[in-house]
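Visitor: using only what follows, build the 3D model:
(chains A and B)
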There are 2 protein chains.
Amino acid sequence: MTGTPPLPIPDPHARARLLAAVRFDKRGLVPAIAQQHDTGEVLMMAWMNAEALNETLATGRACYYSRSRGGLWRKGESSGQVQSVVDLRLDCDGDTLLLLVDQKGVACHTGRRNCFFLAPRGGELTEIAAPLVSPESLYGT
Amino acid sequence: MTGTPPLPIPDPHARARLLAAVRFDKRGLVPAIAQQHDTGEVLMMAWMNAEALNETLATGRACYYSRSRGGLWRKGESSGQVQSVVDLRLDCDGDTLLLLVDQKGVACHTGRRNCFFLAPRGGELTEIAAPLVSPESLYGT
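Guide: Okay, here's the model as predicted:
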């Protein structure tokens, strides 16, 4: 196995065994945290259903489930800001995923590198990071 | 404000304003990711209700809501493995928290430093970390 990257996983049976270990919630979803693999920066959290996770495992590209749109959300499909999945972790309870990704550009739809830019400062919620790119440049006008 | 740590937040009105910015789900819960503040290690993900978050903000110690027990879960109360909350982030949608913590000992109830110890290796889910302490030593026998 040395030298073989963890993802993608071409064998559908292997993917099915991995999927069987995940405890999806009543909605059929599991939270997935995306962390930049080399810096440790937590970029975002989103949700996956079995289909999204299966596609992520098969392709090595992060695919989530959009609760607002009710369908697969291939990260970066509109914006170009794709996430290559370098490795993946399941937690002790089997109900949370951690994706170690290589994020192209920015993860947040606001144009910030990560989604976690609000923090208490002096007791008030404050923006602690500015957009690196405009949302318009990501999604068109 | 320089030099004032983000937490704890003693003013109940300031805490109430922060709580009002959080979009709790239909169950009244919000996912909270705990990350070791200095190494970037993602330790665990758990859930908070408004009461748990309010206590976390007030004390600077991580307090979650246990879905299995249906009550507050003061992290480390039984095990001694407390989490001091150094900083806190809310994401762009207001529906996920990131806690930057200083974890005493281990975060995982299995005795591992973090909960994310299962990973695909050669297509099979594999334990990639061993317990540092026995669960019995954490919770008694």
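Visitor: tally up the residues packed near the closest residue to chain B within chain A, please.
Guide: Closest residue of chain A to chain B, Cβ to the nearest Cβ: residue A:40 (2.5 Å). Using the backbone N, CA and C atoms, a C-beta is placed for each residue, glycine as well. Residue A:40 has 14 neighbours, counted by other Cβ atoms under 10 Å in any protein chain shown.
Visitor: do you know how far it is from residue B:103?
Guide: Distance of residue A:40 to residue B:103, computed by Cβ to Cβ, to the nearest Å: 14 Å.
Visitor: go on, residue A:118?
Guide: Using Cβ to Cβ, residue A:118 is found at 23 Å from residue B:103.
Visitor: centroid residue for chain A?
Guide: In chain A, the C-alpha nearest the mean C-alpha coordinate belongs to residue A:34, at 4.3 Å (Cα atoms, centre = their mean).
Visitor: make sure it is indeed in a strand.
Guide: Yes: counting by DSSP: H, G, I helix; E, B strand; the rest coil, residue A:34 is part of a strand.
Visitor: show me the contacts for it.
Guide: Applying Cβ atoms under 8 Å, 6 or more residues apart in numbering or on different chains, we find residue A:34 in contact with A:42-46, A:62, A:83, A:99, A:101, A:103, A:107.
Visitor: pretty sure residue A:89 contacts residue A:100?
Guide: Yes: counting by Cβ atoms under 8 Å, residue A:89 touches residue A:100, with 7.4 Å between them.
Visitor: hmm, back to that, tell me who's in contact with the residue of chain A closest to chain B.
Guide: The contact partners of residue A:40, taken as Cβ under 8 Å, 6+ apart, are B:35, B:39-42.
Visitor: now name the helix or strand holding it.
Guide: Per DSSP states H and E: residue A:40 is located in neither a helix nor a strand.
Visitor: measure it to residue A:95 for me?
Guide: For residue A:40, the distance to residue A:95 equals 23 Å [Cβ to Cβ].
Visitor: how close does residue A:11 sit to residue A:107?
Guide: Going from residue A:11 to residue A:107 by Cβ to Cβ gives 29 Å.
Visitor: of the two, which one has the most company?
Guide: Counted by other Cβ under 10 Å, residue A:11 and residue A:107 do not tie: residue A:107 has more neighbours, with 27 against 13.
Visitor: show me where pLDDT drops low in chain A?
Guide: A:1-2, A:141 (pLDDT under 70).
Visitor: all strands in it, in order from the N-terminus.
Guide: A:30-36, A:42-48, A:63-66, A:71-74, A:83-90, A:97-103, A:118-121, A:124-127 (DSSP state E).
Visitor: pull the residues that contact the fourth one.
Guide: Strand A:71-74 has contacts (Cβ under 8 Å, 6+ apart) with A:46, A:51-52, A:55, A:61, A:63-66.
Visitor: which of the residues in that strand are buried?
Guide: Under the neighbour-count criterion of 16 or more other Cβ atoms under 10 Å in any protein chain shown, strand A:71-74 has A:73-74 buried.
Visitor: also the last one?
Guide: For strand A:124-127, the neighbour count (16+ other Cβ under 10 Å) marks residue A:125 as buried.
Visitor: packing partners for that strand?
Guide: Contacting strand A:124-127 under the criterion 3 or more Cβ pairs under 8 Å, 6 or more residues apart in numbering or on different chains; DSSP states H and E are the following elements: strand A:118-121, helix B:12-20.
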